[in-house]
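Trainee: need coordinates for the following:
(one chain, ligands or ions: 1)
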Amino acid sequence: MSSETRRMRTNILVTGAVGQIGSELTLALRERYGADAVIASGRKTPPSEKLKASGPFEWIDCNDRQVIDDAVTKYDIHTIYHLGAILSGVAEAKPELAWNVNIDGMHNVLKVARERDCAVFVPSSIGAFGPGTPLDNTPQDTIQRPNTMYGVTKVAGELLCDYYHKRFGLDTRGLRYPGIISNETVPGGGTTDYAVDIYYQAIKQKKYTSFINAGTFLDMMYMPDCIDSAIAIMEADPAMLKHRNAFNVTAMSFDPELLAAEIRKHIPEFTIDYDVDPVRQAIAESWPNKMDDSAARAEWGWDPKWDLAAMTEDMLKVLGEKHERGLI
Ligand code: SER
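Mentor: Residues are numbered from 1 along each chain as shown. Now for the predicted structure:
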């Protein structure tokens, strides 16, 4: 089935729709393709009132293949955005859970997609890199020997998605996301979460204690670019894609000091100090300082809109308003 025919078929399923990315991507997809054309799903966290009110919601635990299959059949799904996953910090604390969710759950999605001929988006991450990877200007195709459970599941996921495409012709696509910064739903248990939390604390207390050390540079991206990239890769002309899964994408690179300095331009009294978490610090040090995302730019036109200055201004404005209304 061509992607054109598939697209005419109807609906999109989002797993992990109550998570940091899912909660905003679902709304953007509904805006673009119609509220009833996008089925949100979650495993255990209840959806927010906003998400629930915006369109259909189903409970789906991706470790139960039948439940995925039932939803795909019931709603005549043509594309699955599979966002249900465990992040890096939690994955180190609960490696078995991370394997079950990130590998077995994802494999179930691929199996159902193969049977029902759905396109599948699976996000990978900067976590798919590790010791041995060149950390500056990290190439699209390079050494990937991560030493975290999160990284192991992300590399395996990239390979499994490639395999399903080559072996079974499944339309799998994906991106290696950097840390995603947003102000709607907080991320849970990731290493890059400090770069979200710092904005909340800047608004609430004008100070932040960082669990990631000064001088630790990581790739980052603001949520609007994250959403645009997820939609753009799935709408891209497949003939242009040499890499299908796991495109490096990034919008900026900074360390806690640079981020704090940017916040200080708006809140001059803001201060940062450090109480480094050795587990997440080690994870961060094994990840790229800055990825080369030229393959994404060349193959499907990746072009991020938000830099550190614009993102900081917007984050502080949005969170400042939420604080005034007593929402945070
Ligand atoms: N934001 C993720 C994490 O920190 C990286 O993909 O786990």
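
Trainee: let me see the contact set for the residue of the stretch 101-250 of the chain found nearest the ligand.
Mentor: With CB to the nearest ligand atom, the shortest gap between the stretch 101-250 of the chain and the ligand falls at residue 190, namely 2.8 Å. All C-beta spots, glycine's among them, are computed from the backbone N, C-alpha and C. For residue 190, the contact set (CB atoms under 8 Å, 6 or more residues apart in numbering) comprises 87-89, 179.

Trainee: neighbour count and secondary structure added to those, as JSON lines?
Mentor: Output for these, formatted as JSON lines (neighbours: other CB atoms under 10 Å; DSSP: H, G, I helix; E, B strand; the rest coil):
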{"residue": "87", "neighbour count": "21", "secondary structure": "coil"}
{"residue": "88", "neighbour count": "28", "secondary structure": "helix"}
{"residue": "89", "neighbour count": "22", "secondary structure": "helix"}
{"residue": "179", "neighbour count": "25", "secondary structure": "strand"}
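
Trainee: show me which of those neighbour the ligand.
Mentor: 87-88, 179 (CB under 6 Å from any ligand atom).

Trainee: skip the chain neighbours and tell me the closest residue to the residue of the stretch 101-250 of the chain closest to the ligand.
Mentor: residue 87 (3.8 Å; CB to CB, 6 or more residues apart in numbering).

Trainee: that neighbour and residue 110, how far apart?
Mentor: Counting by CB to CB, to the nearest Å, the gap from residue 87 to residue 110 is 21 Å.

Trainee: likewise residue 238?
Mentor: Taking CB to CB, one finds residue 238 at 17 Å from residue 110.

Trainee: what about those two, which has more around it?
Mentor: Just comparing residue 238 and residue 110: by other CB atoms under 10 Å the higher neighbour count belongs to residue 110, 23 against 13.

Trainee: wait, that one touches residue 170, no?
Mentor: Yes: at 6.9 Å, residue 110 and residue 170 qualify as touching, with contact defined as CB atoms under 8 Å.

Trainee: quick one: common contacting residues for the two?
Mentor: 120, 164.

Trainee: ranges for the strands of the stretch 101-250 of the chain?
Mentor: Ranges of strands within the stretch 101-250 of the chain are 119-121, 124-125, 136-138, 172-173, 175-177, 179-181, 207-210, 218-222, 247-248, based on DSSP state E, counting those that start in this stretch.

Trainee: pull up the pairing partners for the fourth one, direction included.
Mentor: In the sheet containing strand 172-173, its partner strands are strand 119-121 (parallel), by DSSP bridges.

Trainee: average pLDDT for the strand it pairs with?
Mentor: Averaged across strand 119-121, pLDDT comes to 98.

Trainee: which other residues reach that strand?
Mentor: For strand 119-121, contacts defined as CB under 8 Å, 6+ apart pick out 3, 6, 78-82, 109-110, 113, 161, 164, 170-174, 230, 233-234.

Trainee: part of a strand, is residue 81?
Mentor: Yes: assessed with DSSP: H, G, I helix; E, B strand; the rest coil, residue 81 lies in a strand.

Trainee: hmm, residue 28 and it touching each other?
Mentor: No: using CB under 8 Å, residue 81 is not in contact with residue 28; the gap is 10.7 Å.

Trainee: if you count surrounding residues, which of the two has more?
Mentor: residue 81 (27 against 17).

Trainee: mind listing the residues bridging to that one?
Mentor: Residues in beta-bridge contact with residue 81 (DSSP bridges): residue 14, residue 121.

Trainee: leaving out chain neighbours, which residue sits closest to residue 56?
Mentor: Closest to residue 56 by CB to CB, 6+ apart is residue 39, at 4.9 Å.

Trainee: spell out which parts of the stretch 1-150 of the chain neighbour the ligand.
Mentor: So the stretch 1-150 of the chain meets the ligand at 87-88, 125-127, 150 (CB under 6 Å from any ligand atom).

Trainee: and the furthest pair within those?
Mentor: 87 and 126 (11.8 Å; CB to CB).

Trainee: from residue 63, how far out is the residue nearest to residue 190?
Mentor: 17 Å.

Trainee: tell me the confidence at residue 10?
Mentor: The model reports residue 10 with a pLDDT of 71.
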